[in-house]
Each structure stands twice: as structure tokens, then as C-alpha cells.
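Trainee: Build me a model from this:
(2 chains)
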Amino acid sequence: MILTLIRRDAARGLRAAGLPVAFFLIAATLFPFAVGPDAKLLAKTGGGMLWLAALLAALLPVERLVAPDAEAGILDQLAVRGFADEAVAAAKIAAHWLGFGPPLMLAALPGAALLGLDGATLLRLEAGLAIGTPALAALGFTVAALTAGLRGAGALAGLMLLPLAVPLLIFGAGAIQPDGASAMKLLAAVSLLFVTGASFAAGAALRAIRE
Amino acid sequence: MMLAMRGIACLRGERLLFEGFDLVLEAGGALVVTGPNGVGKSSLLRIAAGLLRPAAGAVERPARVAWLGEQAALDGDRTLGEALGFWAKLDRAEGLEAAMEAMGVAHLARVPVRWLSTGQRRRAAIARTIAGAAPLWLLDEPSNGLDVEGIERLGHAMAAHRAKGGAVLAASHVPLPLDGARTHALA
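Mentor: From the prediction side, this is the model:
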């Protein structure tokens, strides 16, 4: 049953995955224009810049994650069928990650090439994204559930998500450095915390939408 | 007994919509809640469905209920067959095609939902209700958007459901084709 739900949402997410991926790549393309074509500087700062781009790309799908399903009555139909709100939230977070994390990790390959990152840095970046994007997806979904139906939900979502994502940015960018093993562990810890906490926070938000 | 509501009170914001509402619905029974707009018909049905918590009172309902709300809850970008198939899968429903036939939407199975009219979506939502085969149907303004033929088909569906021992609780501001149904006016 939950798998049916994940499959539906993941299919919808993958169809809309172009937008965050395109945003991520455009941001990576613009960065050298802003700081100049110094290859050494780009290689040094490019990894952190890609993390920032990933963070901002996580904001783009927020408005389509919960509000359309709430308006269409889909959430009501799921609740009537006895799905716990936390289970719906967990399924939707998993589905959102499937349509967001892997495409972003693929886009990081050309992104890293554009900024001249070396192979070892790219490997650490991809590992960090693999660990960190579930947390970004969880945060994005929670914020989407909290802001669904509000006016100016997109802008509000940005104000709510970005401060919460600061630890991910710090440890994600730290994990790119050659001595970033401990930052990688902290990234994993923060990611685990966000992913587990988000199901409950977003579940409560889904319940509040119905009241 | 299909549905029992005892001493239900409903608060929306600071406003008390109704209180002390009692209702018992037996197998094969039907009740239509009537009343002017804004009196709390939809809220009463949402409480019966468990979508809204009552301010006071208790509800006993079967494990499986079918909910027909204001929205069709069908994905606009999928075909009608796929959109209904998603719910049929969640309901482990067998009779989706027969139900679509019964509501006269079987020929629309390959048409994307966003191209369908309000009435066609309504018929499709009723087909999901039929296919789900839940013992209790909760219908919020089920005839909204339906043409005369659609209302007739809805009447046949509700009669067949009650003949099989199902119960219907509906909210409507217009008469529904429900033989021998009790009515309760909310005021």
C-alpha cells in the first residue's frame, strides 16, 4: 500500500525533476562569471558553491509537494483509508527524495566539471550529497506541509527552510575538504535527525491542514 | 449497526455549528442531512469520516468507509483509468471497470483527467466509491455537477449498495434519489 503511494509520488516528482536540476546547473555555470576564471580559486570554492546551489534547488519543488494534494482532496482520501499522517509524510518524503536526490547527484557531475573540481573532491561531494539530500528532501517536505494553503507560501518556505538547512551546508561543505571525514560523520548525524524528525513534524502539519 | 454518533458538537473557530447531535445508521439504512448553506452539513460528514475531530461526543464507524468529498481527488495529469486505478490498488478493489461502467465513464478511461468536465469527474469519484466496496458511504453533496442521467445512475448505485447491506450518509441541499431514506434537517 505504502509502495503504491511512493510510486505515484516518485513518478510525479521525476517528471518535475528538470527544474531543480536546471537551476543547479545554471548556478554552477554562473559562479565562474561572478568570481572570475581563476582555476585554482574555482576548484577551492566550487564544492561549497555546489552545496549552496543544491540547497537553493531544494526550495523549488516546495510549492508542489503538499498544497496540490491538499486542494485536490487526495490527503482526505488517504486519511479516510486509515493511513497515519506520519506514514503518508514518510512515504511522500521518500518519494520526493527519489525525484530530487539522484537527479541532483547526476547533475553534480557536469557541475563539478564546470568548476574544475578534481576526482577525489567530486567523490566526496557525491558522498556528501548522497547523505545530505535525504535531509534536504525531508526539510523541504516539512516546510511544504507547514505552509500549504498559505498566501506567499513559496517565499515563506524559503525563510523557514534556509535557516534550518545551515548545519547541512556547514557539514556538507566541510566534508568536501581532504580532512573532512569528521564533517561527513556530522553531516550523516544531522541528516538522520532531520529525516526521522521530519516524518513526525510533517505528519502533524498534514493533520492540521484537515482541521 | 453501521454508524453511531452520540452527542456530537462541532466548533469551527469560535463558532458553535451544532451540538448534541445523535445518529444511528443500521445496515441498509440511509440518512440525508439537509439544511441551508453554512449550517455544518459538510463538517458533520467530515466528523463521521474521522477527518475532523468533534468538539464533544463519540463516533463509532466501521473500519472501512468511502468518502466522496467536494473534490474528486484524481490526478489531473494522468488518464482517468490510471487515476482511478491508483485508488483501486489502495482499496484492493476488484470491480473498478464494472463501477466505471455503472457510472457511464468507462469510455473515458484513456482520457486525461484534466480534460474531463466537473460532472464526469464527479461520476468518476462515485465510481471509486462503488469499487471500494466499503460498508459505509459518506457522500457530501453527491449530486453536485451531475446531469439528470448521472443522478439516476447515482440512485441505482446507492440502491444496489443498500441492497447488499451497505449504509449511506449523505449531505445535500437538493432531494436525492434515495428510497425510504430518513432526513435530518440541521438548522
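Trainee: and whichever residue of chain B sits closest to chain A, what are its phi and psi?
Mentor: Nearest residue of chain B to chain A: residue B:71, at 3.3 Å (Cβ to the nearest Cβ). The C-beta positions use only the backbone N, C-alpha and C, and glycine is treated the same way. When read as degrees, to the nearest 10, the backbone of residue B:71 gives phi -100, psi 150.
Trainee: just residue B:34 next, same as before
Mentor: Dihedral angles (degrees, to the nearest 10) for residue B:34: phi -120, psi 170.
Trainee: My read is that it contacts residue B:172, right?
Mentor: Yes - contact criterion Cβ atoms under 8 Å: residue B:34 and residue B:172 qualify, at 6.5 Å.
Trainee: Now the common contact residues for those two.
Mentor: The contact sets of residue B:34 and residue B:172 overlap at residue B:41 (Cβ atoms under 8 Å, 6 or more residues apart in numbering or on different chains).
Trainee: before we move on, the earlier item: who's in contact with the residue of chain B closest to chain A?
Mentor: A:71-73, A:76.
Trainee: now with 6 Å?
Mentor: Contacts here follow Cβ atoms under 6 Å, 6 or more residues apart in numbering or on different chains; on that basis residue B:71 touches A:72-73.
Trainee: which element is residue B:6 on?
Mentor: Secondary structure from DSSP states H and E places residue B:6 in strand B:3-12.
Trainee: which outside residues touch that strand?
Mentor: When contacts are defined by Cβ under 6 Å, 6+ apart, strand B:3-12 is touched by residues B:17-25, B:40, B:43, B:54-61, B:136.
Trainee: Now which of those residues would you call buried?
Mentor: Of the members of the contacts of strand B:3-12, the ones counted as buried by neighbours, 16 or more other Cβ atoms under 10 Å in any protein chain shown, are B:17-18, B:21, B:23, B:25, B:40, B:43, B:54, B:57, B:59, B:61, B:136.
Trainee: Narrow those to those in strands?
Mentor: Judged by DSSP state E, strands contain the following of the buried ones among the contacts of strand B:3-12: B:17-18, B:21, B:23, B:25, B:57, B:59, B:136.
Trainee: residues in chain B within reach of chain A, list them.
Mentor: Within chain B, the positions adjacent to chain A are B:49, B:51, B:67, B:69, B:71, B:73, B:86, B:89-90 by Cβ under 6 Å from any Cβ of the partner chain.
Trainee: go again using 10 Å as the cut-off
Mentor: Neighbours of chain A within chain B, by Cβ under 10 Å from any Cβ of the partner chain: B:12, B:46, B:49-53, B:63-78, B:82-83, B:85-87, B:89-92, B:113, B:125, B:128, B:132, B:134, B:138.
Trainee: Now list the buried members of those residues.
Mentor: B:46, B:49-52, B:65-69, B:71-75, B:78, B:82-83, B:85-87, B:89-91, B:113, B:125, B:128, B:132, B:134, B:138.
Trainee: what comes up buried for the one helix or strand residue B:129 maps to?
Mentor: Using DSSP H and E, residue B:129 sits within helix B:118-132. Within helix B:118-132, the residues scored as buried using 16+ other Cβ under 10 Å are B:120-132.
Trainee: Next: stretch B:25-34.
Mentor: For stretch B:25-34, by 16+ other Cβ under 10 Å, it's B:25, B:29-34.
Trainee: can you dump the C-alpha coordinates of that stretch into PDB?
Mentor: Written as PDB, here are the backbone C-alpha positions of stretch B:25-34 (Å, rounded to 0.1, in the frame of the first residue of the first chain):
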ATOM      1  CA  LEU B  25     -27.400   4.100  11.000                       C
ATOM      2  CA  GLU B  26     -28.200   0.500  10.500                       C
ATOM      3  CA  ALA B  27     -27.100  -1.800   7.700                       C
ATOM      4  CA  GLY B  28     -29.100  -1.000   4.600                       C
ATOM      5  CA  GLY B  29     -30.100   2.400   6.100                       C
ATOM      6  CA  ALA B  30     -29.800   5.800   4.600                       C
ATOM      7  CA  LEU B  31     -29.900   9.300   6.100                       C
ATOM      8  CA  VAL B  32     -29.800  12.600   4.300                       C
ATOM      9  CA  VAL B  33     -28.700  15.600   6.200                       C
ATOM     10  CA  THR B  34     -30.300  18.700   4.800                       C
END
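Trainee: Tell me which residues touch the closest residue to residue B:95 other than its chain neighbours, please.
Mentor: Spatially, and ignoring its direct neighbours in sequence, residue B:95 is nearest to residue B:131 (5.3 Å; Cβ to Cβ, 6 or more residues apart in numbering or on different chains). Contact analysis of residue B:131 by Cβ atoms under 10 Å, 6 or more residues apart in numbering or on different chains lists B:66, B:84-85, B:87-88, B:91, B:93-100, B:102-103.
Trainee: Need the pLDDT of residue B:131.
Mentor: Residue B:131 carries a pLDDT value of 96.
Trainee: What parts of chain A come near chain B?
Mentor: So chain A meets chain B at A:1-5, A:7-8, A:11-12, A:15, A:68-83, A:207, A:210-211 (Cβ under 10 Å from any Cβ).
Trainee: List buried residues within those.
Mentor: Judged by 16+ other Cβ under 10 Å, buried ones among the residues of chain A next to chain B: A:5, A:8, A:11-12, A:69-70, A:72-81, A:83, A:207.
Trainee: Can you flag which of those belong to strands?
Mentor: Among those, no member falls in strands (DSSP E).
Trainee: Need the nearest residue in space to residue A:69, chain neighbours excluded.
Mentor: Nearest one to residue A:69, counting by Cβ to Cβ, 6+ apart, is residue A:75 at 5.4 Å.
Trainee: if I look at the one you found, how far off is residue B:183?
Mentor: 30 Å (Cβ to Cβ, to the nearest Å).
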